[in-house]
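Engineer: give me a 3D structure for the following:
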Amino acid sequence: MRTRAPAPRQCTALQGCARLIRFGRSPVALEATMPHTKNPTPQATRPARRRRRLGATAGIGALAITALVGGPAFAGHGDVSLAGSNFEIDTDANLKVDHAAPSVDWVSFAQTGANPPEKRKADLPPGSGDDSFGQGSKEDTLVPTVVDGSIPPNKSDLTTFGLYLEETAGDDFLHMFWHRVQDPTGTTNMDFEFNQSETISDNGVTPVRTAGDLLIQYDLANGGTVPELFLSEWVATGDKSLCEAANSTPCWGDRVNLSDSLLATGSINTSVIPEAESDGLGDVSPRTFGEATVNFSAIVGSGCVAFGSAYLKSRSSDSFTAAMKDFIAPTDTGINNCGALKIVKTKKHAAATPTTQPHAGVVFSVSGGTLPAGTTATTDANGVACIAGIDAGSYTVTETVPTGYAVTSANPQNATVVADTTCATATPVTFTNMPLTNITVSVDSQIDGGTASTIDCDAAADPPFEQVTGADGDGSLTKSNLLPGTYTCVIIIDP
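Structural biologist: Residues are numbered from 1 along each chain as shown. Alright, predicted model coming up:
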């Protein structure tokens, strides 16, 4: 969520912060495309709210994560829930509410005839028709290979995953769950990949990765029941030292241990979850359901955030370089508080049908929010220019008027960017141009000096459209850059 060159994003420190964990070896970076960043409108108390439901576009930039120290790590709404969150994470993971209100759990979102705030996606049925990653595809593989066939029984054959973004008066919290067919042997891993781009890669399933995409890694050591959560950011360019495992960029960057930083928590079920309490997952056997909470505000900072989709995948072990196995295809996340600034430009053309036509190649300067100075947008063949993935708020749009045209609409114009909009949904600001015409009226005395003439096209104008011929009786009056209209010229010939 969610194109849009996006604005630079800055990460803000949380109260009680003690140290800064740098992604890509820089604490703050600028991003040049949608997604991911945050809000331009000044906020006196907290960052702009992210989208209230879990879908669009996007651009993120390098992350700055603030580690918390001191104070309680967990809240009373679950055995190991993060402080500030009302969502239950219990040591024996489940989907039902076990604590007093306002505690919530996955079953809280079961609604009839309404849109629940969670996003949930089921995998293809197990067996030969199930899709998975193959041919040795790994986390850093730019376009993982998708194959059909069953997942080996000793690896994580996934069935369902869910997402829920909890917005509180303090921080926002991202909650995730996974469900698999069986308890696999050995070490395993589940990863939640969040992508800003909505463009599908060459495998026809997973999105194209862009700088700032996120990988939240859910590692379970052999026989372990307490997950360790890590975070990596997609690094598009730079030195290989930025990579967690690859020998060159693009790659997933150095991972940060969110669990050690007290920015994430999670658990798996150690006992059976009966069908009546599984929120539609059926009978859930031990070690086949896991959930996690991440302090989303600490990860993404205070600007606008847009992730178009997310998907779940498993690895053959908790080694970052292990081969990927099963995956559940991407679903919309709905995480988008960014907006888009759309400009529509038309021109009049008497010989065209219709006479109002799109105007391509027109340059507009745009200022406001956190856009860098000198930001411009140029209309395409449809007469449309759009900057997506920017902060909501007020902007100023100024047309560079093409030669031969005059602006017949206000210039500049104020534009309001609304959160959770894209180039497809944003209300545009519209500019209209009219072609200009030059007129020339001339007189030519056939006998030099035989006549003297006055050409008067608008004597009341200031200056008047008036010209007196010279001594030879010849002369002309030219007026340039005239808008379409009626122009009456009177020529007085005086012998």
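
Engineer: and the spatially closest residue to residue 130 that is not a sequence neighbour, how many neighbours?
Structural biologist: Of all residues not flanking residue 130 in the chain, residue 124 sits nearest, at 4.8 Å (CB to CB, 6 or more residues apart in numbering). The C-beta positions use only the backbone N, C-alpha and C, and glycine is treated the same way. When neighbours are defined as other CB atoms under 10 Å, residue 124 has 15 of them.

Engineer: give me the domain ranges for the protein.
Structural biologist: Annotated domains of the chain cover 17-335, 339-435, 437-494 [automatic domain parsing].

Engineer: before we move on, back to that, my guess is the residue nearest to residue 130 contacts residue 146. True?
Structural biologist: No - judged on CB atoms under 8 Å, residue 124 makes no contact with residue 146 at a distance of 11.2 Å.

Engineer: mind listing the shared neighbours of those two?
Structural biologist: residue 131 (CB atoms under 8 Å, 6 or more residues apart in numbering).

Engineer: secondary structure element for the residue nearest to residue 130?
Structural biologist: Per DSSP states H and E: residue 124 is located in neither a helix nor a strand.

Engineer: show me where the stretch 201-350 of the chain has its strands.
Structural biologist: 214-220, 228-235, 251-252, 256-257, 264-268, 289-295, 306-315, 324-336, 339-348 (DSSP state E, counting those that start in this stretch).

Engineer: can I get these in TSV including mean pLDDT and mean neighbour count?
Structural biologist: TSV is the format used below for the strands of the stretch 201-350 of the chain (pLDDT from 0 to 100; neighbours: other CB atoms under 10 Å):
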stretch	mean pLDDT	mean neighbour count
strand 214-220	94	23
strand 228-235	96	24
strand 251-252	98	24
strand 256-257	96	19
strand 264-268	95	25
strand 289-295	96	25
strand 306-315	92	28
strand 324-336	91	24
strand 339-348	96	24
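
Engineer: in a markdown table, list the ones you listed along with distance to residue 493.
Structural biologist: Listed next are the strands of the stretch 201-350 of the chain as a markdown table, based on distance: least, CB to CB, whole Å:
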| stretch | distance to residue 493 |
| --- | --- |
| strand 214-220 | 81 |
| strand 228-235 | 79 |
| strand 251-252 | 84 |
| strand 256-257 | 89 |
| strand 264-268 | 92 |
| strand 289-295 | 87 |
| strand 306-315 | 71 |
| strand 324-336 | 72 |
| strand 339-348 | 36 |
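
Engineer: mean neighbour count, the domains of the chain: which tops it?
Structural biologist: domain 17-335 (a mean of 20; mean count of other CB atoms under 10 Å).

Engineer: how far off centre is that domain?
Structural biologist: The chain centroid and the centroid of domain 17-335 are separated by 17 Å, computed with CA atoms, centre = their mean, to the nearest Å.

Engineer: swap in stretch 395-413?
Structural biologist: 28 Å.

Engineer: got the end-to-end distance for it?
Structural biologist: 9 Å (CA to CA, to the nearest Å).

Engineer: before we move on, what about stretch 264-283?
Structural biologist: Note: stretch 264-283 ends 27 Å apart using CA to CA.

Engineer: dump the residue contacts of residue 87.
Structural biologist: 77-78, 81, 103-105, 164, 166, 173, 175, 293.

Engineer: worst average pLDDT in the domains of the chain?
Structural biologist: With a mean of 79, domain 17-335 has the lowest mean pLDDT of these.

Engineer: which parts of the stretch 151-300 of the chain are helices?
Structural biologist: 296-300 (DSSP state H, counting those that start in this stretch).

Engineer: residue 252 and residue 235 touch, don't they?
Structural biologist: Yes - under the criterion of CB under 8 Å, residue 252 makes contact with residue 235 at 7.3 Å.

Engineer: what touches both of the two?
Structural biologist: With CB under 8 Å, 6+ apart, residue 252 and residue 235 have common neighbours residue 243.

Engineer: what helix or strand is residue 442 on?
Structural biologist: With DSSP H and E as criterion, residue 442 is part of strand 437-443.

Engineer: and the next element down the chain from that strand?
Structural biologist: strand 452-458.

Engineer: ok, residues contacting that next one?
Structural biologist: 439, 441-443, 445, 464-469, 473, 475-477, 479, 487-494.

Engineer: which ones are touching residue 176?
Structural biologist: 161-164, 192, 216, 218, 291-294.

Engineer: of the residues you listed, which is the nearest to residue 377?
Structural biologist: Ranked by distance to residue 377 (CB to CB), the contacts of residue 176 are led by residue 163 at 32.5 Å.
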